[in-house]
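1. I need the structure of the sequence given here:
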Amino acid sequence: MRALPILSVLGLLGMLSPVERQGPQWTSVEAPGARSPLDRNLVAADSVVADWVDAGRIPGAVLLVALDGAVVLERAYGWSELYDYGPGQYQAWTADGTGARGIQRRVDPVRMTPSTLFDLASVTKVMATTLAVMLMVESGDMDVDAPLSHYLPDFRGGGKDGVTLRHLLTHRAGLYQWLPTYYYATNRDEASEYVRAQPLAWEAGEGRHYSDLGFMLLGLAVERVAGKSLDDFLRERIYGPLGLDWTGFRPLDGAAGADGEAAGPGNAGSRFASTSHGNPYEQRMVHDSTFGYRIAGDAEAWDGWRRRTLSGEVNDANAFHAFGGIAGHAGLFSTASELNVLLQLLLNRGAYGGRRYLNAQVVDTFLASTNGGQALGWQLQAYIGQASFSHTGFTGTLVLAVPEYDLALVLLTNRQNLGVDQDGLYPDVDPLQRAVVAAVIKGLRNAS
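-> Sure thing, here's the model as predicted:
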């Protein structure tokens, strides 16, 4: 434990709209009126997020910061759904950009709260799939250096026999980054068969090529070994035992949380951070040959695009259309506080609340640097010279931990609810994420 003057937020500071700004209330363990460097930088981090919301750069966000296992800042900002599609407003992406809008600001926008559920996008890769593989490794049911074909026997030929779980976890399997599996599959079985049949684009181990397909395969391998869905496996083995009532896939199925409220379509607007309006970005990935994705076949061969504002259903079209909402690369939903529990589990090397859930050596193995700033599943990045493990998601999400400071940070935004701009792009929240992390770490460095 570090002897730092930790300052805590009094109460949850959500429910604040951009026009209802007020500074966080702080209580110091020092003399009345004292301010530590950490205190000032938590205020700075809070202000950065509030300023982005006030300026209309994102509709809303939730920020949580925890030190030594204790939450020192938790706040909600803005709106969980500020824009939506009205009847007849849907516009698909078009090359001239005329389909970039077609949304309207709600007359009754839904406030963001600290307990709002977010579609985590690629954060699924670490908070679900990597975690599942860790559990399988601990039980002896998987080996990260075993070939994938040991678990998915038909993943063979064309160099695929040499692809290991380690290759997949570090994005070095040589697989394509992305393909629209829903063009070729109408259900999970067909999607699984299609992904397993894909050839390698590069030789296994030849460089890092970030791949959704690799994590789809990892999820399928876990399911085959476990004999149940990825969602059920995680619910039984880790989410349930940890008391994570709101972390999981397909939240609109209606499973009740701890407070008994069913997360069904009837209350989706108040419980979830809404994401995109249809899938205009993925439509462009398919239709625009200059966008960086090479898609074989007729782009007009499939037209099952969703024509609604997405709330409580996974944004990722592969996860939604081909995998039924449960996939290794995307589909997980959670809250900031429950994600913090999972970060604490890793910071404590597999222990939480006086109980051990994972072997410490397994945690160490998965968080160790491999090469190219990559651990097993996790991204290793240096923020102001501090080693960390983190992952981001396309919907605008970030989870990050800095072991040296026992710091856990969760920043969740609903950037997609703003819609795409004239170039077909969503707001870039990387500068926001970096500014928030920098402010917090600066305070920790100055206070130590």
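2. ok, Gly331 - contacts?
-> Contact analysis of Gly331 by Cβ atoms under 8 Å, 6 or more residues apart in numbering lists 124, 128, 249-250, 314, 316, 319-320, 323, 325. Every residue, glycine included, has its C-beta placed from N, CA and C.
3. redo those residues as a markdown table? Include distance to Val440.
-> Shown next, in a markdown table, are these (distance: Cβ to Cβ, whole Å):
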| residue | distance to Val440 |
| --- | --- |
| Thr124 | 24 |
| Ala128 | 26 |
| Phe249 | 30 |
| Arg250 | 33 |
| Val314 | 29 |
| Asp316 | 29 |
| Ala319 | 31 |
| Phe320 | 34 |
| Phe323 | 35 |
| Gly325 | 33 |
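4. residues contacting stretch 242-257, please?
-> So stretch 242-257 is contacted by 115, 117, 127-128, 229-231, 234-235, 238-239, 258, 262-265, 268, 271-272, 312-314, 324-326, 331-335, 338-339, 341-342, 345, 352, 357 (Cβ under 8 Å, 6+ apart).
5. could you give the mean pLDDT of stretch 341-354?
-> Per-residue pLDDT over stretch 341-354 has a mean of 98.
6. check stretch 65-82 too.
-> For stretch 65-82, the per-residue pLDDT averages 96.
7. nearest residue to Gly304 in space, please, no chain neighbours.
-> His321 (6.2 Å; Cβ to Cβ, 6 or more residues apart in numbering).
8. go on, Asp161?
-> Going by Cβ to Cβ, 6+ apart, Asp161 has Ser149 as its nearest residue, at 5.8 Å.
9. packing partners of the lengthiest strand in the chain?
-> Ranked by number of residues, the top strand in the chain under DSSP state E is strand 70-84. Judged by 3 or more Cβ pairs under 8 Å, 6 or more residues apart in numbering; DSSP states H and E, the packing partners of strand 70-84 are strand 8-9, helix 37-54, strand 60-67, strand 104-111, helix 268-271, helix 336-347.
10. how about a cut-off of 7 Å?
-> strand 8-9, helix 37-54, strand 60-67, strand 104-111 (3 or more Cβ pairs under 7 Å, 6 or more residues apart in numbering; DSSP states H and E).
11. what's the burial count for Val144?
-> 19 (other Cβ atoms under 10 Å).
12. out of the contacts of stretch 242-257, which sit inside strands?
-> Going by DSSP E, the strands hold 332-334, 352 from the contacts of stretch 242-257.
13. got a winner among the residues you listed for most neighbours?
-> Leu332 (36 neighbours).
14. what residues does the helix or strand that Leu398 is a member of touch?
-> In this assignment (DSSP states H and E), Leu398 forms part of strand 397-402. With contacts defined as Cβ atoms under 7 Å, 6 or more residues apart in numbering, strand 397-402 is touched by 118, 120-121, 123, 127, 339, 343, 346-347, 386, 388-392, 407-412, 433, 437, 441.
15. go again using 8 Å as the cut-off
-> 118, 120-121, 123, 126-127, 339, 342-343, 346-347, 383, 386-392, 407-413, 433, 437, 441, 444.
16. partner strands of that strand, parallel or antiparallel?
-> Looking at strand 397-402 with DSSP bridges, its partner strands are strand 386-393 (antiparallel), strand 407-413 (antiparallel).
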